[in-house]
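# Okay, structure incoming, though there's no sequence with it:
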């Protein structure tokens, strides 16, 4: 069966003159595809199968295996390859996407989010910490890990002078209810400012084309980055190696939130 679809390369592994690709596709989600001869200097698949490249693919599927027949480059995000910090962050976003995007089913919204993040990162239109935080929280929400940020889970209050976020359950408690609710021992609760809570609500509830469209003061933006990163680690129950690699290069790294 032949399939034509748009996709972005999340991972590529060289095997002699060939490449084994992990591709986030619009129509088939995350797939593994074999690109024969893609490493040859004059090969017709060379440019369209590079890491982070967005291409229009013609794929041949036989049973559960894919082979790349052609890859027409739509955008190569070359600017990311000239900046080690940007490339490291892009690699983290790609690995996170490969973990959370669906396999063998349409994933147009996942592809759109990924391409928008890579575009904003390459063109410096948003700070890296904002791009990373938005991508983490929105991707988790799309993949079934959406936190409930509508209101305090105990009293239903939408706004309060003090609000706390519980990363394990992905829920909110207001300052008045926190002492009244019995929580398991060692439950992490993070105090969250109105500005950061508003930003998180925007990230998970806004229209796709508006998800990156907000601003925060620097300190609150840093805390948003801390919180979204921590929530990602808690929900995945592990820390991706590409995250540590990015933070070793980042000039604007974030730390685990102060509990």
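Yep, that arrived. The structure displayed is predicted, hence computed values, not measured ones.

# does residue 173 sit in a helix, a strand or a coil?
For residue 173, the secondary-structure state derived from DSSP: H, G, I helix; E, B strand; the rest coil is strand.

# hey, what's it bridged with?
residue 164 (DSSP bridges).

# what's near enough to touch it?
For residue 173, the contacting residues are 152-154, 163-164, 166, 181, 189, by Cβ atoms under 8 Å, 6 or more residues apart in numbering. To be clear about C-beta, it is placed using only N, CA and C from the backbone, and glycine gets the same treatment.

# Repeat that for residue 145.
Counted by Cβ under 8 Å, 6+ apart, residue 145 has contacts 170, 235.

# Also the one 5 residues further on?
The neighbours of residue 150, taking Cβ under 8 Å, 6+ apart as the test, are residue 158.

# would you say it is within a helix?
No - going by three-state DSSP, the assignment for residue 150 is coil, not a helix.

# mind pulling up the phi and psi values for it?
Dihedral pair for residue 150: phi -70, psi -50, per degrees, to the nearest 10.

# Could you check how far it is from residue 122?
Between residue 150 and residue 122 the distance is 34 Å, computed by Cβ to Cβ, to the nearest Å.

# returning to that earlier point: just the contacts of residue 173 now: which is nearest residue 96?
Sorting the contacts of residue 173 by distance to residue 96 puts residue 166 at the head of the list, at 21.9 Å, by Cβ to Cβ.

# which residue packs closest to the closest one, ignoring adjacent ones?
Excluding its sequence neighbours, the residue lying closest to residue 166 (Cβ to Cβ, 6 or more residues apart in numbering) is residue 189, at 5.6 Å.

# sorry, back to before: in the contacts of residue 173, which residue is surrounded by the most others?
The most crowded member of the contacts of residue 173, judged by other Cβ atoms under 10 Å, is residue 163 (24 neighbours).

# Quick check: that one vs residue 206, distance?
The value you get for residue 163 to residue 206, if Cβ to Cβ is used, is 19 Å.

# Low-confidence ranges, this protein, go.
251-259 (pLDDT under 70).

# ok, longest helix in it?
Of all the elements of type helix in the chain, the one with the most residues (DSSP state H) is helix 218-236.

# any idea of the angle the helix or strand following that one forms with helix 218-236?
Reading on from helix 218-236 to the C-terminus, the next helix or strand found by DSSP states H and E is helix 241-249. Using axes from the mean of the first three to the mean of the last three Cα atoms, to 10 degrees, the inter-axis angle of helix 241-249 relative to helix 218-236 is 160 degrees.

# who does helix 241-249 touch, helix- and strand-wise?
helix 84-100 (3 or more Cβ pairs under 8 Å, 6 or more residues apart in numbering; DSSP states H and E).

# residues contacting residue 176?
155, 157, 160.
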